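Enquirer: need a structure here:
(chains A and B, ligands or ions: 4)
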Amino acid sequence: MEKVLDKAHFSRFLGDLVTKYKVIGPTKKGGATSTYTYTTFDYVKRVEDLEIDYKSSMLSPKRIYFPDSQPLYKYEKNGQNVKLEDLREVWDKERVLFGLRPCDITAILCLDKVFMEDSFVDHYYQDKRRKSIIIGLTCSETRQHCFCSSLGSGPDIESGYDLLMTDIGDSYFFRARTDLGKELISADYFRNATDQDRELREAKLKKVKERLSEKVDPAKIISVMADKYNDELWNEFSDNCFTCGACNMVCPTCHCFTIIDKTSPDGSEGTRVLVWDSCHFERFAQMAGNLNMRGEKSSRFKHRLYHKFYYTAKQHGSVSCVGCGRCMEFCPSHIDVRAALRRLQEG
Amino acid sequence: MNNLYMPELALVEDIKEETSNIRTLTISLKSRKPFSVLPGQFVELTIFGYGEFPVSVSAVLGPTRDRLQTTIQRIGKVTKETANLSVGSTIGIRGPFGNGFPLAEMKGKNICIVTGGVGLAAVRYLINYIIENRDHYGKLQLLHGARTPGDLIYKDFLFNNEEAQEQGIEILLTVDQPDAGWEGHVGVVTELFKRTTLDPVNTMAVVCGPSIMMKFATQCLANMGFGDDQMLVSMERRMQCGMGMCGHCMVGQKRVCLDGPIFTYGSIKDALERAF
Ligand SMILES: Cc1cc2nc3c(=O)[nH]c(=O)nc-3n(C[C@H](O)[C@H](O)[C@H](O)COP(=O)(O)OP(=O)(O)OC[C@H]3O[C@@H](n4cnc5c(N)ncnc54)[C@H](O)[C@@H]3O)c2cc1C
Ligand code: SF4
Ligand code: SF4
Ligand code: FES
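Expert: Ligands and ions are numbered 1, 2, ... in the order given. Modelled structure (predicted):
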């Protein structure tokens, strides 16, 4: 189903969403640099809270399901009596995740494979996923490092959402993919989309796609990666890496974590917490007895890219990079992953 | 909802000092529920206040299988704290995790087990299992090495020749550095291959120990004619979740906690990253 909403009515639409659900969207709370304002996903109540034309969010919406620091449980020790208390968050009601970019929506599908479609199901993650309604918003502009079109995760996507919005000038074009999505756009302030609206949408997305010139070919990359594992290019590309892990933190598909205990001084109580980890950190694959399986910086650098492009392709049948560009945009050393990928595919 | 990260509370029922830094804990759940664990699987133990670590299940005991044994070497931050456990201490346990040994495929074959150090703990349950189902397996050999005689775990089992004969298991031992009382072989574990007859035909080899030992043992076995899929290795990696989510235990695309810890040598050799 396709509908159109005049921008003048947008606040009514948001108002209706807010009365029924809790709504999370791009807000004005993010920080700013000379180039961009970085939006943050947070709860919104009014149109004024939203930064609907946001260009970039430094941290992707993955934090909604997979927080950077997630208390798992609390323990209290009294002699040999130990009491455990579950601290994991359960949503009271459904959330609307509003204004997610196509790349970030595709990234959620990657996380689903890890947290609910493999051997073990993280029921807390799954519960949040089932309680979320996704309203995507296609991009009007591109950023320097975007390459979603090479990976099929933008500028237009076919699945992963209830509704996908496109700004077509004076109004928003809505495409529904689920029954719930259809219901959300059934109010009388929506009108049916005409062929002209569809053409406007197509033209808009075509323009965006043309600007996404980077040609990275995942099929080709997957086919050559096995033979390139010991290639000199990995030393070259990792040479300037600070192993700071920023790329992992901003990546919408990075899911590695570590588990730590926060303990009171006398050890009688504490909390076990799940925190994001980075495969670039030296101790990531360090075992007891000082045996480090990825002691070399280059082995850690390539591990991230092999995980994204080769290992997940073997495990789940598709790559787990969505071309959002964040890892390059926020790399203090300006390492361009696309350049490494192009080197691979060019042989 | 079932919080996968919350351990079940368990009780330390018994402690056996194996060496100066290795203990075997006998554990039961406070709920008294039976354990359902396969040989080769592992659990995550929590020492409240210190953290969690993965450890192989070395035995499941009792008529209702409500007790489980693990043998722990004190090597780092959390394992060191096991020194402060006593009978009656409360700990946490999650699991079991991992695939376990391919018992169906091993059935009817001769089994040659090659271990080093605390690696023996990872196959102890398998050995028990084969002894309990002795008719289903051919010849059973254990080639085990430790740094010094004092570092040998499970001494009651290793030095009980009579029982070994009854159970139909050939045990060969070696140490790197002998002490005054040591009359056995001195040298690395792979030297024991020369001291026995080992025919690759209809035999599966099982290897577990320090990385370097696994490397040489698999090489020797390959030279003796063992095919890549006739060698099973029990792998160790840093682990956090045990459930295929945290990314810590990867060897190339394999996750040791899910796809392993038991691999055929062939399947782990093909991973892009070095296995040992
Ligand atoms: C499948 C499996 C079976 C094992 N079986 C046994 C056994 O039967 N007996 C035994 O003594 N040891 C065994 N180990 C090794 C044991 O898990 C480590 O010695 C232990 O995790 C060290 O923890 P630590 O906190 O004391 O060390 P630290 O070096 O202080 O480690 C800190 C954290 O890193 C992680 N970590 C460090 N080293 C390892 C490692 N080698 N493997 C996994 N995680 C690690 C732990 O989660 C730990 O919380 C096994 C490991 C694996 C993966
Ligand atoms: S690897 Fe980089 S471009 Fe790909 S999804 Fe992660 S942050 Fe985005
Ligand atoms: S952000 Fe750049 S410098 Fe930091 S770990 Fe990633 S690649 Fe290396
Ligand atoms: S231990 Fe977490 S993925 Fe294997």
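Enquirer: Show me how far stretch B:178-194 is from its chain's centre.
Expert: Centroid separation between stretch B:178-194 and its chain, computed with Cα atoms, centre = their mean, to the nearest Å, is 21 Å.
Enquirer: Contact partners for residue B:139?
Expert: B:110-112, B:168, B:170, B:203 (Cβ atoms under 8 Å, 6 or more residues apart in numbering or on different chains). All C-beta spots, glycine's among them, are computed from the backbone N, C-alpha and C.
Enquirer: Looking at those residues, spot the one nearest chain A.
Expert: residue B:112 (25.5 Å; Cβ to the nearest Cβ).
Enquirer: How many residues are close by the closest one?
Expert: Using other Cβ atoms under 10 Å in any protein chain shown, the number of residues around residue B:112 comes to 26.
Enquirer: doesn't it fall inside a helix?
Expert: No: secondary structure assignment (DSSP: H, G, I helix; E, B strand; the rest coil) places residue B:112 in strand, not in a helix.
Enquirer: Specify the beta-bridge partners of it.
Expert: On the basis of DSSP bridges, residue B:112 takes part in beta bridges with residue B:141, residue B:205.
Enquirer: mind putting the contacts of residue B:139 in JSON lines, distance to ligand 4 and pLDDT included?
Expert: Listed next are the contacts of residue B:139 as JSON lines, based on distance: Cβ to the nearest ligand atom, whole Å; pLDDT from 0 to 100:
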{"residue": "B:110", "distance to ligand 4": "32", "pLDDT": "96"}
{"residue": "B:111", "distance to ligand 4": "27", "pLDDT": "97"}
{"residue": "B:112", "distance to ligand 4": "28", "pLDDT": "97"}
{"residue": "B:168", "distance to ligand 4": "36", "pLDDT": "92"}
{"residue": "B:170", "distance to ligand 4": "35", "pLDDT": "95"}
{"residue": "B:203", "distance to ligand 4": "30", "pLDDT": "96"}
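Enquirer: Pull the most distant pair out of those.
Expert: Maximum pairwise distance among the contacts of residue B:139 (Cβ to Cβ): 15.0 Å, between B:168 and B:203.
Enquirer: And the residue of the stretch 51-200 of chain A that's closest to ligand 4?
Expert: residue A:114 (9.1 Å; Cβ to the nearest ligand atom).
Enquirer: Let me see the contact set for that residue.
Expert: Contacts for residue A:114 (Cβ under 8 Å, 6+ apart) come out as A:255, B:244-245.
Enquirer: Which one (most neighbours) among the residues you listed?
Expert: Neighbour max across the contacts of residue A:114 (other Cβ under 10 Å) = residue B:245, 25 neighbours.
Enquirer: Distance check, that residue against residue B:236.
Expert: 19 Å (Cβ to Cβ, to the nearest Å).
Enquirer: what packs against the longest strand anywhere in chain A?
Expert: Ranked by residue count, the top strand of chain A under DSSP state E comes out as strand A:69-78. The helices and strands touching strand A:69-78, judged by 3 or more Cβ pairs under 8 Å, 6 or more residues apart in numbering or on different chains; DSSP states H and E, are strand A:81-86, strand A:269-276.
Enquirer: phi, psi of residue B:216?
Expert: Residue B:216 has phi and psi values of phi -70, psi -40 when expressed as degrees, to the nearest 10.
Enquirer: Revised request: answer the last question for residue B:255.
Expert: phi -110, psi 120.
Enquirer: where does the stretch 1-150 of chain A dip in pLDDT?
Expert: A:30-37 (pLDDT under 70).
Enquirer: rerun that using 80 as the cut-off
Expert: Applying pLDDT under 80 to the stretch 1-150 of chain A flags residues A:29-38, A:56.
Enquirer: tell me which parts of the stretch 151-276 of chain B are close to ligand 1?
Expert: Proximity of the stretch 151-276 of chain B to ligand 1 is confined to B:236-240, B:261 under the rule Cβ under 6 Å from any ligand atom.
Enquirer: Residues of the stretch 1-150 of chain B that sit close to ligand 4?
Expert: Residues of the stretch 1-150 of chain B lying near ligand 4 (Cβ under 6 Å from any ligand atom): none found.
Enquirer: In strands only, show me the residues of the stretch 151-276 of chain B next to ligand 1.
Expert: Per DSSP E, the subset of these in strands is empty.
Enquirer: which among those are in contact with ligand 4?
Expert: Among these, proximity to ligand 4 is found for B:239-240 (Cβ under 6 Å from any ligand atom).
Enquirer: more neighbours, residue B:168 and residue B:203?
Expert: residue B:203 (20 against 14).
Enquirer: What residue in the stretch 101-250 of chain A comes nearest to chain B?
Expert: residue A:120 (3.9 Å).
Enquirer: does that residue really touch residue B:4, like I thought?
Expert: Yes: using Cβ atoms under 8 Å, residue A:120 makes contact with residue B:4 at a distance of 6.4 Å.
Enquirer: what sits in contact with each of those two?
Expert: Joint contacts of residue A:120 and residue B:4 (Cβ under 8 Å, 6+ apart) are residue B:243.
Enquirer: Any idea which residue is closest to the centre of the chain?
Expert: Assuming you mean chain A. residue A:252 (2.8 Å; Cα atoms, centre = their mean).
Enquirer: sorry, should have said chain B
Expert: Centre-most residue of chain B, counting by Cα atoms, centre = their mean: residue B:122, 0.7 Å.
Enquirer: Tell me the spacing between that one and residue A:289.
Expert: Counting by Cβ to Cβ - residue B:122 and residue A:289 are separated by 15 Å.
Enquirer: Likewise for residue A:257?
Expert: Counting by Cβ to Cβ - residue A:257 and residue A:289 are separated by 23 Å.
Enquirer: Which one's more surrounded, those two?
Expert: Set side by side, residue A:257 and residue A:289 show more neighbours around residue A:257, with 22 against 11, by other Cβ under 10 Å.
Enquirer: Quickly list what that one is bridged to.
Expert: residue A:276.
Enquirer: can you pull the contacts of it?
Expert: A:274-277, B:240-241, B:245-247.
Enquirer: May I see the residues you listed organised as a markdown table, with pLDDT and distance to residue A:24 added?
Expert: Formatted as a markdown table, the contacts of residue A:257 follow (pLDDT from 0 to 100; distance: Cβ to Cβ, whole Å):
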| residue | pLDDT | distance to residue A:24 |
| --- | --- | --- |
| A:274 | 97 | 20 |
| A:275 | 97 | 21 |
| A:276 | 98 | 19 |
| A:277 | 97 | 25 |
| B:240 | 96 | 28 |
| B:241 | 97 | 26 |
| B:245 | 97 | 23 |
| B:246 | 97 | 25 |
| B:247 | 97 | 26 |
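Enquirer: quick one: the strands in chain A?
Expert: Applying DSSP E to chain A gives strands spanning A:2-6, A:22-27, A:40-44, A:69-78, A:81-86, A:95-100, A:132-137, A:163-167, A:171-176, A:190-192, A:257-263, A:269-276, A:286-287, A:291-292.
Enquirer: related to what we said a few turns ago, torsion angles phi and psi at the residue nearest to the centre of chain A?
Expert: phi -70, psi -10.
Enquirer: Let's see the pLDDT reported for it.
Expert: Per-residue pLDDT puts residue A:252 at 97.
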